[in-house]
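# Coordinates for the following, if possible.
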Amino acid sequence: MNYYFIIVLIFTNTNGLEEHLLEQENDIRGTRLTVNDHIAMFADNPSKRFIIINKPCSSAPLKETSDYDRITNNENKLSISYVHNIITGAKPNKNNSIFAFIAQTNNTNCYLIVMWISLGGFEIKETKQIEIKGNVIANQIVLGIDSESKHLYVVHLSGTLYFNVNSKMFQVYGMNFWERQYFMRGEALAVTNDQRLYLLAYRERKDKNQTGNKQYRCLYTVDHSNVSMPISLEVIEWPVNFPSTYLNTHRELSTLSIDLNEYSNVLIIGIPLIDSVLIFSIEDRLKSPILIKNHTSIEKGVSFGKSVSFLDNKTYIVLAYAMSTSWSKSQIHFYSLDDMNTNQKPLLIFPNNQQLLPLPNILPTTYRIANFLSCNSDNLVLYLDPLHILFLPSSSPGYFSNIIEQYEVSDLPVVVYQPEPCMPGTHKQTKSFGPCTLCPMNTKNNGSSGITCEKCSSTNQSKCFLGSINEIDINEITNSDQAYSYPVSPESTQFEDLLLQNIFTLPITTKECFFISPVFWACSIIIICFLLFLIVKYILSRFKHKNGQRILKNIFIHVDLIGEGQYWLGGIISISLFILVIFACKFSISFVNLYPYEEISILKHCDNSLINAKFSSSLQLLSLQKHEQEKPIFTLLDQQNLNLNIQFISTGFTCDKLTIEQIRDHAYSISPDFNCYKNNSIIYISTNLPEHIITMKFDLIGPYFIAGIRLCLSAPSSSTQNKKYIAKEMKFCQFLSVSNQTITTDPTINIKIIKIINRTASMSVDSDDDDAIYSGLWLPTLTSTTLTDESLYLKKGHSYRYLSTKTTLIIYIRESEFFMKNTQEPIARSYEIIFNTILFSMLCLDLLGILFILFKSIIHPLLNDKQSLTN
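Okay, the predicted model is just below:
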């Protein structure tokens, strides 16, 4: 397994370190620490010694220190008081690592000192010291070296010094080396292997349209492939809007950064004052760099571009002072060079919730990355507050780097990051510096393998969310609510109308209803009796069964209510009317049992909408004065103890990382009275609420994610006065999630509970309100803020998903200022049903009377006329 490292220096903003921080501001360009694959070197100015770490990219680096006095030649001993700038080439030169730095002596003279250090050891084979003459300000000297450690350049206000590492010869050029117009201050220098120099500097010149001078940022380009004849190309410049004094007094505004990649022929420049990174093509060596992209941060005032570097041929990294996390005020963003969008999103961000910065002995309120350097495609050097050196490896697939070991080298804290397996629910398929990422939808990873996520089973009984650890039973994410709405009152609330409708209607919805309908039976009786009479009269008469015909005719005549016992046909019709009366009595008895509405589910009827109840509902203010008969039900509901149950679905959080607090008037009180356990990547939390109006806060600490939240409220049932007043059991659950997303790190859920009061009137005619039954129920309505940070990820990139180290859920429970009152009354009480049934029977007799009159006045004369004609 190969290891690649990021090296970090850290500082805190404390009064005790104020003097040290002021000194560090002079080194804001990252000049006191340099590193390559073989050796890391740090200049410890207070102790006047170098700290050397051999094999810094290995898991067991070797450490050594060397005093400043040991560096210089014995015959020309220098008393070094301060080291202002130190650099090294990414590759060795003839089995030696080349280090160069600017040394200031006690008499304020400045020297370029070059060291040859053997690979794999600490031996300084040779040193070369060259005095830098002229108008020299030590902390304004810029150093540059090519990646092959062959060409070294020193740029200052008086001129430019070129040192050939192989020949150990140097040459000094005047300011016309860059251009005829002098620059005021050099900021950063990049050198290619073919000796093309790119210098970022500030200069001042007279404005063409205005009187006076104006400041400019400039990119100088010099072709130094011919040492005796350097060629200056066209200068690229950008105007600035601050006075020249800011170059020394406001370094945070004037700092510039630069880096190049010769394989891709790309140059990047960071301008933190305008939060921009400029990307140039340097493929055409005969021209100045050509701008191909202006990468501007969407966040302003974050010093985006404070430091820039190439990580490899396709990736560049940028330092920004981010405000998105409370535990780190600066971040390193990794970007793809192929993405040409001006507001492109970072591939990953360091630090993040899986790769935290270490806590120093003096706990800081914030972290600040001051700078970083790149020595090759796999190693970075960073400066932070307070002073630390951190080695961050680029982890193999299935792993991410985390803090493992801390040690000190001559009071210099060193932190080594080592690979750890990806957390459950995440994976990483490529080698990188960043964190493990979430498993896609319909996949899972229980931690057994961090490279790939396992595909979930395709059944309707389980589900896999984004970042799933295990499959979740579908029953764990269902909604439940025992509350139901009353139906609309029937269109007809008159019992006599309902009776006639159900007796004389022939239902055709189902066969069962058709065969038990009164009309069907009445018609069937008529048909059966008529057929029976015909059989007896015309078939049995041939066999001389006169007695059977006479008996059957006498039966029909005796039940004849139309012809008063004179006609057998009247008897058949009378029997069918008797059937209708019987069915009317049956319907009346059933209709009595269709009240109240809550109890009719056990009865079966062909018309499911038929109920002996009419309803009314009203929304009333809770503050209104209650009737004496209503007060007990309100008291019962107010005394119900609510229990809050929360399930965090598909999460890596554990109960020991959970704290619950009750928010009281901007203060917090920890609530120890809760139960918590975890099963199958679901955290189950249960707590009794001391009040109905309450605000609860749930903090979960860690880099984990939550796929969904299932929130339940419950309360036991209670009753009083022999169940005249009943507070019903409360069972409410609602599952909250967003498809293909995890829950936001700061969800807020608002629950408003409203009292539902149901009044059920009695069936008795002489009862008053004392016999009414009252039942009550709490009905929660749930709303929430945005449950996902998808809009943030779309705007800034999905790398922001991995920044938060805490998830905070806040639940507000409030009682509605209104209550719902439902009243249920019977359409017809018992006496009314009996009375209307008798009236229906009399109606049937009246129908028989009408039929009798019709028979006497029309049918009977026609029969007599027919008989006369026959005779």
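# Let me know whether residue 685 touches residue 647 as I believe.
Yes. Here residue 685 reaches residue 647: they are 7.4 Å apart, a contact under C-beta atoms under 8 Å. All C-beta spots, glycine's among them, are computed from the backbone N, C-alpha and C.
# residues touching residue 481, list them.
Residue 481 is in contact with 731, 732, 733, 734, counting by C-beta atoms under 8 Å, 6 or more residues apart in numbering.
# again, only this time at 6 Å
With contact set as C-beta atoms under 6 Å, 6 or more residues apart in numbering, residue 481 has these partners: residue 732.
# just residue 101 next, same as before
83, 85, 86, 113.
# do residue 144 as well
Taking C-beta under 6 Å, 6+ apart as the test, what residue 144 contacts is 153, 189, 191.
# my guess is residue 784 contacts residue 744, does it?
No. In this structure, residue 784 is not within contact of residue 744 by C-beta atoms under 6 Å, at 9.6 Å.
# of these two, who's got more company?
Neighbour comparison, residue 784 and residue 744: the larger count goes to residue 744, with 21 against 17 (by other C-beta atoms under 10 Å).
# nearest residue to that one other than its sequence neighbours?
Computed as C-beta to C-beta, 6 or more residues apart in numbering, the closest residue to residue 744 that is not its neighbour in sequence is residue 789, at 4.8 Å.
# same question, residue 756
Take residue 756 and drop its neighbours on the chain: the residue closest to it by C-beta to C-beta, 6+ apart is residue 777, 4.6 Å away.
# Surely that neighbour forms part of a helix?
No. Using DSSP: H, G, I helix; E, B strand; the rest coil, the assignment for residue 777 is strand, not a helix.
# and it, how many residues sit next to it?
Residue 777 has 24 neighbouring residues, counting by other C-beta under 10 Å.
# same check, this time on residue 167
The tally of other residues near residue 167 (other C-beta under 10 Å) stands at 8.
# Over to it. Which of the three states is it?
Taking three-state DSSP, the label given to residue 167 is coil.
# Stretch 680-697 spans what distance, first to last residue?
In stretch 680-697, first residue to last residue: 24 Å (C-alpha to C-alpha, to the nearest Å).
# swap in stretch 444-453?
Stretch 444-453 end-to-end distance (C-alpha to C-alpha) = 5 Å.
# what's the model's confidence in it, averaged?
Mean pLDDT, stretch 444-453: 90.
# which of the residues in it are buried?
Neighbour counts over stretch 444-453 (16 or more other C-beta atoms under 10 Å) mark 444, 445, 450, 451, 453 as buried.
# Shouldn't the fourth one be within a helix?
No. Inclusion of residue 451 in a helix is not indicated when three-state DSSP is applied; the result is coil.
# The nearest residue to it once chain neighbours are set aside: neighbour count?
Excluding its sequence neighbours, the residue lying closest to residue 451 (C-beta to C-beta, 6+ apart) is residue 398, at 4.1 Å. The number of residues packed near residue 398 is 19, by other C-beta under 10 Å.
# Ok, residue 403 next?
17.
# do residue 806 as well
Using other C-beta under 10 Å, residue 806 is surrounded by 15 other residues.
# Now do the residue nearest to residue 744: how many residues are near it, please.
Per other C-beta under 10 Å, the neighbour tally for residue 789 reads 21.
# Next up, phi/psi of it, please.
Dihedral angles of residue 789 (phi, psi; degrees, to the nearest 10) stand at phi -100, psi 30.
# That'll do, ta.
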